[in-house]
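Participant: just to be clear, the model below is a prediction. Sequence and coordinates:
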Amino acid sequence: MFKELRFASTVSVLLCVAISSLVCGVAWWSSAKADSASGKKDVASRQWAIVRVELPASDESFPPGIGADIASSQCLICHSAGMVLTQPPLKKDEWRAEIVKMRSAYGAPIPDDQVDGLSAYLKNINGRD
Amino acid sequence: MQRSVLVPPQSRRQFLAGVAGVGGLGLTGLLGARAWSGTEDSVVFPFVNGGRNLVKTLPQKGAMVLQRARPPLLETPFEVFDQGIFTPNDRFYVRWHLANIPAFVDPATFRLKVRGHVKQSVSFTLDDLVRKFKPVEIAAVNQCSGNSRGFFAPRVAGGQWANGAMGNALWRGVSLKAVLDRAGVKAGALQVRFNGLDTGILPQTPDFMKSLDVDHSLDGEVMIAYAMNGKPLPLLNGYPLRLVVPGWYATYWVKMLDDIEVLDKPDDNFWMTRAYLIPDTPLADMVPGQLGVKLIPINRMVPRSFFTNVKDQAKFQVGETTTVRGIAFGGDTGVAKVLFSADAGSHWQEARLGSDHGKYSFRQWTVELRHSSAGPQTLMVKAFNTAGASQPDGANWNGSGFMRNVVESVSVQSV
């Protein structure tokens, strides 16, 4: 279908979650009621659903071009490429403002001498004049 | 193979670029004759770069619109809102800021801590919360501050949501006031700060934390939810605990909540002072490029209403009657009425309202629309809340893409 997400053994994970949610979820509610009625203390955490998931990952890469290496090494530290590719087309100085925000607000380690190249690349792949 | 001409060229180019890694496989069939509304694997929102994949492999989730894989931004497909007033957990939208999200939370060792400007620091197990507190329940809409950002004109950067970054659930948990009372808020407390288990990848990324004023925190309405729609929260929606702030934008509804800190001074953390700020104007409205606008933290929601069973470009048969329906919510208070127009706003009639699940819930509305003559029509819907607030006829705008609540309209045709 598409390659945006990677799930190793997704099916088994989902099955486990579904089953444990169902079983534990029911147990949790019914025994919580029973306990409050009887005043019994604590039987505890087995009544909570055990939730273990595989978080979405992304194989999506930046389109080739001058500066793609900067985008791949910097932007992907904190977020997948989809964040960039779904933005409206931005002017080069608007992309620069986004890069500056990523550096100053979120601590992205983009060196000074890569800011212009990255702005130009982002404008090329998803920009306007 | 030729693609539908309905897809804006920019959308098509970027959408295909987004799946280029497949190496050509899968491109065929991704966009076909139904490109405007999407295929079973995709949707195309009516704005530039609006192509999105529809994903069915997300943990504890059914089909969701993939906005971003990491950290996850997942939108509820809009047809879900036609299926009931409560949004199912497995279709409820998802929005995370920071990518270090625990994929497993051990309910045996999890603790909710309350500390700071309190008489005594306390911590609670999940079972403590279930057994030692009176349970409270409230139906409430959770809506992203930036819901509908993709429709902003001029466009603004940020998560490019259509209208599905919202949901309504029956939340069950304990009142925040009851929890704070166990710790004993000391005189001089000003705000209460909420933190969850998620963190940034980089140590220098500000941890995601949000604060409410002490009075708001003690109003008895703000709650800590351990269940949504009768089940534990999906992990992506904040399992095991999530703050519920009825009537306020979702940025305050901190997920995987494990730390509550009472502050004796205003919270100066990044997420309160530099992010999620809105113009201090009605509906956070301003003119693009306007200078000197005073900014304040986003807060209460505003009224909205939507069509759920009639899409743009729908066709009707002359002589027939359609039950047009949708949902409305009042924002920070209940829905007073919903008005419907079949002539682009020249005349309005009151819609019939469905069951009332409380003032913070979605409410269904319906009207019977008779298609008496052939031709195009613009249908509109406008909600009023019990405080008299309504939706603007023209779109409100700000540079962050927050709080859109313009009157919704659909163009239809009777033939």
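Facilitator: Received, thanks. Values in this document were obtained by computation on a predicted structure and should not be read as measured data.
Participant: for the closest residue to B:F104 other than its chain neighbours, grab the count of nearby residues.
Facilitator: Sequence neighbours aside, A:R52 is the residue nearest to B:F104 in space, at 4.3 Å (criterion: CB to CB, 6 or more residues apart in numbering or on different chains). All C-beta spots, glycine's among them, are computed from the backbone N, C-alpha and C. Residues near A:R52, counting by other CB atoms under 10 Å in any protein chain shown, number 15.
Participant: pretty sure A:R52 contacts B:D106?
Facilitator: No. Look at A:R52 against B:D106 with CB atoms under 8 Å: they stay out of range, at 9.4 Å.
Participant: leaving out the residues flanking it, which one is nearest to the residue of the stretch 201-350 of chain B found nearest chain A?
Facilitator: Closest to chain A within the stretch 201-350 of chain B is B:Q204: 3.1 Å, counting by CB to the nearest CB. Counting by CB to CB, 6+ apart, A:G107 is the residue found nearest to B:Q204 once chain neighbours are left out, at 3.1 Å.
Participant: could you list which residues are in contact with B:W397?
Facilitator: Going by CB atoms under 8 Å, 6 or more residues apart in numbering or on different chains, B:W397 touches B:152-154, B:285-288.
Participant: do you know the pLDDT at the nearest residue to B:F306 once chain neighbours are set aside?
Facilitator: Once flanking residues are discounted, B:F306 sits nearest to B:G326: 5.0 Å by CB to CB, 6+ apart. If you check B:G326, the pLDDT there is 98.
Participant: check A:V51 too.
Facilitator: Looking at A:V51, its pLDDT stands at 81.
Participant: next, count neighbours for it.
Facilitator: Neighbourhood size, A:V51 [other CB under 10 Å]: 25.
Participant: can you map out the strands along the stretch 101-250 of chain B?
Facilitator: Assigned by DSSP state E, counting those that start in this stretch, the stretch 101-250 of chain B shows strands spanning B:104-105, B:112-116, B:122-124, B:136-143, B:166-175, B:191-196, B:209-213, B:223-228, B:242-244.
Participant: residues in contact with residue 64?
Facilitator: In the absence of a named chain, this looks at chain A. By CB under 8 Å, 6+ apart, the contact set of A:P64 is empty.
Participant: wrong one, I was asking about chain B
Facilitator: The contact partners of B:M64, taken as CB under 8 Å, 6+ apart, are B:54-56, B:58, B:74-77, B:91, B:93-94.
Participant: give me the phi and psi for B:D82.
Facilitator: Backbone torsions for B:D82, taken as degrees, to the nearest 10, come to phi -90, psi -10.
Participant: was I right to think it contacts B:F306?
Facilitator: No. Contact between B:D82 and B:F306 fails when scored by CB under 8 Å: they sit 9.6 Å apart.
Participant: can you report how many residues lie near the residue of the stretch 201-350 of chain B closest to chain A?
Facilitator: 11.
Participant: mind telling me what element A:R96 is part of?
Facilitator: Under the criterion of DSSP states H and E, A:R96 resides in helix A:92-104.
Participant: domains for chain A, by residue range?
Facilitator: Taking automatic domain parsing as the reference, chain A has its domains at A:1-59, A:68-126.
Participant: and these, which one averages the lowest pLDDT?
Facilitator: Note on the domains of chain A: domain A:1-59 shows the lowest mean pLDDT, a mean of 48.
Participant: all helices for chain B, in order.
Facilitator: With helices called from DSSP state H, chain B shows them at B:9-18, B:126-131, B:176-183, B:214-217, B:270-273.
Participant: tilt between the third one and strand B:223-228?
Facilitator: Angle, helix B:176-183 to strand B:223-228, by axes from the mean of the first three to the mean of the last three CA atoms, to 10 degrees: 120 degrees.
Participant: distance from the chain centre to helix B:176-183, please.
Facilitator: Chain-centre distance of helix B:176-183: 27 Å, with CA atoms, centre = their mean, to the nearest Å.
Participant: what is that helix packed up against?
Facilitator: The criterion is 3 or more CB pairs under 8 Å, 6 or more residues apart in numbering or on different chains; DSSP states H and E, and the helices and strands that helix B:176-183 contacts are strand B:112-116, strand B:122-124, helix B:214-217, strand B:223-228, strand B:257-263.
Participant: surely the residue nearest to B:Q204 meets B:L202?
Facilitator: Yes. With contact defined as CB under 8 Å, A:G107 counts as touching B:L202 (4.9 Å).
Participant: where does B:C144 fall, phi/psi-wise?
Facilitator: Here the main-chain torsion angles of B:C144 (degrees, to the nearest 10) amount to phi -60, psi 140.
Participant: any idea how far chain A is from it?
Facilitator: The gap separating B:C144 from chain A is 15 Å, by CB to the nearest CB, to the nearest Å.
Participant: ok, B:R131 next?
Facilitator: Taken as CB to the nearest CB, the span from B:R131 to chain A is 6 Å.
Participant: could you report the distance from that residue to B:V174?
Facilitator: As for B:R131, its distance to B:V174 is 10 Å (criterion: CB to CB, to the nearest Å).
Participant: with B:I201 instead?
Facilitator: 32 Å.
Participant: what's around residue 54, how many residues?
Facilitator: Assuming you mean chain A. Counted with other CB under 10 Å, residues neighbouring A:E54 total 19.
Participant: wrong one, I was asking about chain B
Facilitator: Using other CB under 10 Å, B:L54 has 18 neighbouring residues.
Participant: export only the CA atoms of stretch B:393-407, formatted as CSV.
Facilitator: This file holds the C-alpha atoms of stretch B:393-407, laid out as CSV (Å, rounded to 0.1, in the frame of the first residue of the first chain):
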residue,chain,number,x,y,z
ASP,B,393,-20.1,34.7,8.7
GLY,B,394,-16.5,35.4,7.5
ALA,B,395,-13.5,33.4,8.7
ASN,B,396,-11.5,34.5,11.7
TRP,B,397,-7.8,34.5,11.1
ASN,B,398,-4.5,34.6,13.1
GLY,B,399,-1.0,33.6,12.3
SER,B,400,-1.0,30.4,14.3
GLY,B,401,-4.1,29.0,12.7
PHE,B,402,-6.1,28.8,16.0
MET,B,403,-9.8,28.9,16.8
ARG,B,404,-11.3,28.8,13.4
ASN,B,405,-15.1,28.8,13.8
VAL,B,406,-16.6,30.3,10.7
VAL,B,407,-20.1,29.3,9.6
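Participant: list the buried ones in that stretch?
Facilitator: Across stretch B:393-407, burial judged by 16 or more other CB atoms under 10 Å in any protein chain shown covers B:395-407.
Participant: what of stretch A:57-76?
Facilitator: Buried-residue list, stretch A:57-76, by 16+ other CB under 10 Å: A:58, A:60, A:62-63, A:67-68, A:70-71, A:74-76.
Participant: dump those residues to CSV, plus distance to B:E261 and secondary structure.
Facilitator: Listed next are the buried residues of stretch A:57-76 as CSV, based on distance: CB to CB, whole Å; DSSP: H, G, I helix; E, B strand; the rest coil:
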residue, distance to B:E261, secondary structure
A:S58, 34, coil
A:E60, 37, coil
A:F62, 39, coil
A:P63, 44, coil
A:G67, 42, coil
A:A68, 42, helix
A:I70, 38, helix
A:A71, 37, helix
A:Q74, 33, helix
A:C75, 32, helix
A:L76, 33, helix
